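> what shape does this take:
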Amino acid sequence: MRILIVDDEENIRRATAVVLEAIGHETVCVESAAAALKQVESGVFDVAFLDLKLGGDNGLDLLPKLMEMQPQLEVIVFTAYASIETAVEAMRRGAVDYIPKPFTPEQIRQALSRLIQARKLRGRVAELESRLSTEALTIDLTTSEPEMQKALDLAFKAAATPATILLLGESGTGKSVVARALHENSPQKENAFVTVSCPSLSRELLESELFGHAKGAFTGAVNDKLGKVALANGGTLFLDEIGELPLEIQPKLLRLLQEKEYERIGEAKARHANVRVISATNRNLEKAVQEGRFREDLYYRLHVIAVQIPPLRERPGDLLKIAENYLQFFSKQCGKQLSGFSPEAQALLQQYAWPGNLRELRNVIERTVILTDAGEINRLDLPKKLSEGSPLTPAQGLQIGAKVSLKEIETEHIARVMKQASTMSEAARILGITRDTLHRKKREMSSEPEAPGG
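Numbers count the residues shown, from 1 in each chain. Here you go, the predicted structure:
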């Protein structure tokens, strides 16, 4: 951390700096209130050690001024005039701890350790509150599928290192679940896991969400905002759907990755953040680089370790176990006792291709649990789309390997995906093409004569 030491005694300043620098922190020493205010005005600090007796200045009066200039600053005070009254007053004005003079190096180390532990605890509490509020469903990552196991082995091997990890895969394959598991198996596990969904906000709001802003930086910025990068300091920053990150923000993320530095909107001061970045995308980033929509240098910084998460249709051995997990969770949530799936329901679940992957499976099971009145999920409880036009149920006369053209197969596949998808945009995402391309193919399909057997 970057630490400011404010004391009018040179020996105290030097001794405190030696202790703090020996355990890896950066220090700046000043002897007066005016010098302290100047330092805080020109640079960012995490912690300040403040003497309450600064010659003609009163440290108690300086304390709230420092915190007003930098709200995230945490202040530890020390003074030769130790008393309960001054300690209480210092705490009332915003100090987090109090050390009486004369003090030992161990007292300095312990005070800083208490501060760090309190920060970690606040981060963990915020994370747990977030998880409880969304009633997060824990996913079992054990697998019987070789490709999924290979992906998990690579991911968890990288988890213990500081390497940036990029999770690749279709929408809904569980990339965010894997990201959280990587955090919980990393050296950063005691600190915060912070998620930013890149497509969820406009460019301006996303930049503020990521890096924070200073009061008055733009209309509506009535207070300082730390941003997700600051909240993730010491922990993990998960950037979901990184392929949607606007070009204007990409250089700022690159700076964070390369230099561990960033700036809040409306502020020219560089801030330091030691965050481990995990990102995820369902986009082809190489293609985005070629098309000029994604910076090549940022791509290579994110692509240190790339992990491909297989779609659910390529994990048939895991499907029923995952479905049973969802069933038990939602049964408990709805106050129902369901024994499982009938053989016919199991067969229907396994023959469907699940283009929406785990997210679609979860949605189907939750809906089914809510609507069923039976003690077991049977075929009729499941949505009709699983049996009508299921992507894994070949149309009569049109099968993979049959004597049909690629065009016929493409046409049939596009038609089935559009039938399942709720919008053209969703269908385009599933097919991996743009919406304009999908509209063009749809026009071509409608103008062609129907294929034999199609």
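> buried ones in stretch 56-76, by neighbour count?
D57, G59, L60, L62, L63, L66, M67, Q70, L73, E74, V75, I76 (16 or more other Cβ atoms under 10 Å). All C-beta spots, glycine's among them, are computed from the backbone N, C-alpha and C.
> check stretch 23-30 too.
Buried-residue list, stretch 23-30, by 16+ other Cβ under 10 Å: T27, V28, C29, V30.
> touching the strand or helix carrying the first one from outside, list them.
Meaning T27. Using DSSP states H and E, T27 sits in strand 26-30. With Cβ atoms under 8 Å, 6 or more residues apart in numbering as the test, strand 26-30 has contacts from 1-7, 13-14, 16-17, 20-21, 36, 38-39, 43, 45.
> the residues you listed in helices, which ones?
Counting by DSSP state H, the contacts of strand 26-30 place R13, R14, T16, A17, L20, E21, A36, K38, Q39 in helices.
> can you lay out those as JSON lines showing distance to E170 and neighbour count?
Shown next, in JSON lines, are the ones in helices among the contacts of strand 26-30 (distance: Cβ to Cβ, whole Å; neighbours: other Cβ atoms under 10 Å):
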{"residue": "R13", "distance to E170": "58", "neighbour count": "20"}
{"residue": "R14", "distance to E170": "59", "neighbour count": "14"}
{"residue": "T16", "distance to E170": "54", "neighbour count": "23"}
{"residue": "A17", "distance to E170": "53", "neighbour count": "18"}
{"residue": "L20", "distance to E170": "48", "neighbour count": "21"}
{"residue": "E21", "distance to E170": "49", "neighbour count": "12"}
{"residue": "A36", "distance to E170": "54", "neighbour count": "26"}
{"residue": "K38", "distance to E170": "54", "neighbour count": "12"}
{"residue": "Q39", "distance to E170": "50", "neighbour count": "17"}
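> what's the nearest residue to E261 if we skip its chain neighbours?
A270 (4.8 Å; Cβ to Cβ, 6 or more residues apart in numbering).
> need the residues that contact stretch 201-211.
By Cβ under 8 Å, 6+ apart, stretch 201-211 touches 196, 198, 200, 217-218, 221, 225, 227-229, 245-246, 248-249, 252-253, 262-265.
> list buried residues within those.
196, 198, 217, 221, 225, 227-229, 245, 249, 252-253, 262-265.
> closest one of the residues you listed to Q328?
V196 (31.1 Å; Cβ to Cβ).
> ok, the closest one to A33 distance?
From V196 across to A33, the span is 38 Å (Cβ to Cβ, to the nearest Å).
> ditto for D297
Distance from D297 to A33, by Cβ to Cβ: 44 Å.
> so between those two, which is more surrounded?
Set D297 next to A33 and count neighbours by other Cβ atoms under 10 Å: A33 wins out with 22 against 13.
> nearest spatial neighbour of that one, chain-adjacent residues omitted?
Nearest residue to A33, sequence neighbours excluded (Cβ to Cβ, 6+ apart): D57, at 4.0 Å.
> can you tell me the SS state at L206?
helix (DSSP: H, G, I helix; E, B strand; the rest coil).
> count of residues packed around it?
L206 has 21 nearby residues by other Cβ under 10 Å.
> quick check: closest non-adjacent residue to D297.
L254 (6.1 Å).
> same deal with D140?
Of all residues not flanking D140 in the chain, N325 sits nearest, at 6.0 Å (Cβ to Cβ, 6+ apart).
> quick check, pLDDT for that neighbour.
On the pLDDT scale, N325 is placed at 92.
> may I ask which helix or strand encompasses V229?
Assessed by DSSP H and E, V229 sits inside helix 228-231.
> taking the buried residues of stretch 56-76, tell me the two that lie furthest apart.
D57 and E74 (20.6 Å).
> so P187 makes contact with G235?
No. Counting by Cβ atoms under 8 Å, P187 stays clear of G235, with 10.1 Å between them.
> the two: which is more packed in?
Between P187 and G235, counted using other Cβ under 10 Å, G235 has the larger neighbour count: 23 against 12.
> ok, which stretches of the stretch 101-250 of the chain are strands?
165-168, 193-197, 236-240 (DSSP state E, counting those that start in this stretch).
> right, so of those strands, which gets closest to K101?
Of all those, strand 193-197 comes closest under Cβ to Cβ, at 38.5 Å.
> which of the residues in that closest one are buried?
Of all the residues in strand 193-197, those buried under the rule 16+ other Cβ under 10 Å are F193, V194, T195, V196.
> do you know how far L54 is from L319?
Distance from L54 to L319, by Cβ to Cβ: 68 Å.
> so the two - more neighbours on which side?
In terms of neighbours (other Cβ under 10 Å), L54 is the more surrounded of L54 and L319; the figures are 23 against 19.
> for that one, which non-adjacent residue is closest in space?
Leaving aside its sequence neighbours, L54 sits nearest to D8 (Cβ to Cβ, 6+ apart; 5.0 Å).
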